[in-house]
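Student: The sequence and its predicted three-dimensional model are supplied below.
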There are 2 protein chains.
Amino acid sequence: MTGDGEHAGVEVVGILHGGITVSDMDASLAFYRDGLGLPLQVDAIRDTPYLHETLALPFSEIRYVLLTIPGAPGSYVELLEYRGIERLPAAARPCDPGSGHLCLEVRDAVAAHARMTALGYRARSAGAVDVDSGINAGGKIVYLADPDGFWVELLERPTNAEVRS
Amino acid sequence: MTGDGEHAGVEVVGILHGGITVSDMDASLAFYRDGLGLPLQVDAIRDTPYLHETLALPFSEIRYVLLTIPGAPGSYVELLEYRGIERLPAAARPCDPGSGHLCLEVRDAVAAHARMTALGYRARSAGAVDVDSGINAGGKIVYLADPDGFWVELLERPTNAEVRS
């Protein structure tokens, strides 16, 4: 223990990014930047000592992309393409423990489903689904697979939702 | 296509949550709520038609938890425990395509590493690592495994970082 009170946790002060490991950065940029429309902020090659110490993995370099999220200043989608190391597919069903997904808010989930499926990407549902209960009742939802099978949830909040602070 | 311009993407307007599928919600609450200190907002059982249509999975119900993120109003960590369906471990190394991680900002990464490892959780590094380059140079970073092997990155930003808007 670090001396804090027994009920005190780590002092978390924000969310910085949702990170997704990709096999082919160009294919992932087609999905996230060109398909979802997230603006590119950084596209760089990284191979610095702190990354090897942090990750404890013998990669040669990482192609590292940060995409901004409109409406969420300071938060990003981070895409990582590891190079020079064996890589195994980590795609899983949404029910499989240890898997993650990222939920982005969209203005129009019907249009988003139509656009992304027209581009050849796979949604788990035939169309945007009406949310029938919970804090987003009245909204619409889509679960999309990115090119490596990571799940991106797109949620259109109900029109009567409170304005986010 | 949906009629928007060829360079227009989906209109993303925010990030709502990072979602993590867990095998045992109580064990995950020990990590995220008690260890990291994220406040609990919702802990409920969900089994409604829209979830089955959205996810296309024959689960019986989902134990669904929303944790708030101090400093990020409107954004959440969502934990999902699927029940009544076969579940396979999806844990992977950070380099494996299709895997995700969630990056949370912390006030003190050294204290966070000490606290979480004292609680028995695994970090990939022996201590908090100094960030030597990039937009967070001067900060400190830790990669932690949650109870199902999902990676949570804790980042202490450099003290000279611009205040987030």
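Tutor: Alright, I've got the coordinates.
Student: Going by C-alpha atoms from here, please, whenever you check contacts or count neighbours.
Tutor: Will do.
Student: quick one: average pLDDT of the host helix or strand of residue A:62?
Tutor: Per DSSP states H and E: residue A:62 is located in strand A:61-68. Average pLDDT, strand A:61-68: 97.
Student: for stretch A:131-145, same thing?
Tutor: pLDDT averaged over stretch A:131-145 gives 93.
Student: Show me what counts as buried in that stretch.
Tutor: Buried residues in stretch A:131-145, counted by 16 or more other C-alpha atoms under 10 Å in any protein chain shown: A:131, A:136, A:138-145.
Student: Is there proximity between it and chain B?
Tutor: Yes. Applying C-alpha under 8 Å from any C-alpha of the partner chain, one finds stretch A:131-145 touching chain B at A:131-133, A:141-143.
Student: Need the contact partners of that stretch.
Tutor: A:109-110, A:113, A:121-125, A:127-130, A:151-159, A:161, B:48-51, B:54-55 (C-alpha atoms under 8 Å, 6 or more residues apart in numbering or on different chains).
Student: Please indicate which of the residues you listed are buried?
Tutor: Buried by 16+ other C-alpha under 10 Å: A:109-110, A:113, A:121-125, A:127-130, A:151-158, B:50-51, B:54-55, out of the contacts of stretch A:131-145.
Student: Narrow those residues to those in strands?
Tutor: A:129-130, A:151-156 (DSSP state E).
Student: now, the most widely separated pair of the residues you listed?
Tutor: Within those, two members stand farthest from each other by C-alpha to C-alpha: A:130 and A:151, at 18.6 Å.
Student: what kind of secondary structure is the residue nearest in space to the middle of chain A in?
Tutor: When chain A is reduced to its mean C-alpha position, the closest residue under C-alpha atoms, centre = their mean turns out to be residue A:102, at 4.0 Å. Three-state assignment for residue A:102 (DSSP: H, G, I helix; E, B strand; the rest coil): strand.
Student: how close does it get to residue A:78?
Tutor: For residue A:102, the distance to residue A:78 equals 11 Å [C-alpha to C-alpha, to the nearest Å].
Student: Go ahead and name everything in contact with the lengthiest strand in chain A.
Tutor: Ranked by residue count and defined by DSSP E, the top strand of chain A is strand A:12-21. Contacts of strand A:12-21 with the rest of the structure, by C-alpha under 8 Å, 6+ apart, involve A:74-82, A:102, A:150, B:18, B:36-38, B:69-72, B:75, B:94-107.
Student: Just give me how far that strand sits from the chain centre.
Tutor: With C-alpha atoms, centre = their mean, to the nearest Å as the basis, strand A:12-21 stands 9 Å off its chain's centre.
Student: just stretch A:26-42 next, same as before
Tutor: 11 Å.
Student: Buried residues in it, which are they?
Tutor: Using 16+ other C-alpha under 10 Å as the test for burial, stretch A:26-42 gives A:28-29, A:31-40.
Student: for stretch A:57-74, same thing?
Tutor: Buried residues in stretch A:57-74 (16+ other C-alpha under 10 Å): A:59, A:61-70, A:72, A:74.
Student: Show me the contact partners of it.
Tutor: A:16, A:25, A:33, A:38-47, A:52, A:75-85, B:12-15, B:164-165.
Student: tell me the contacts of residue A:85?
Tutor: With the criterion set at C-alpha under 8 Å, 6+ apart, residue A:85 makes contact with A:58-60, B:95.
Student: how about 10 Å then?
Tutor: Residue A:85 makes contact with A:57-61, B:95-96, according to C-alpha atoms under 10 Å, 6 or more residues apart in numbering or on different chains.
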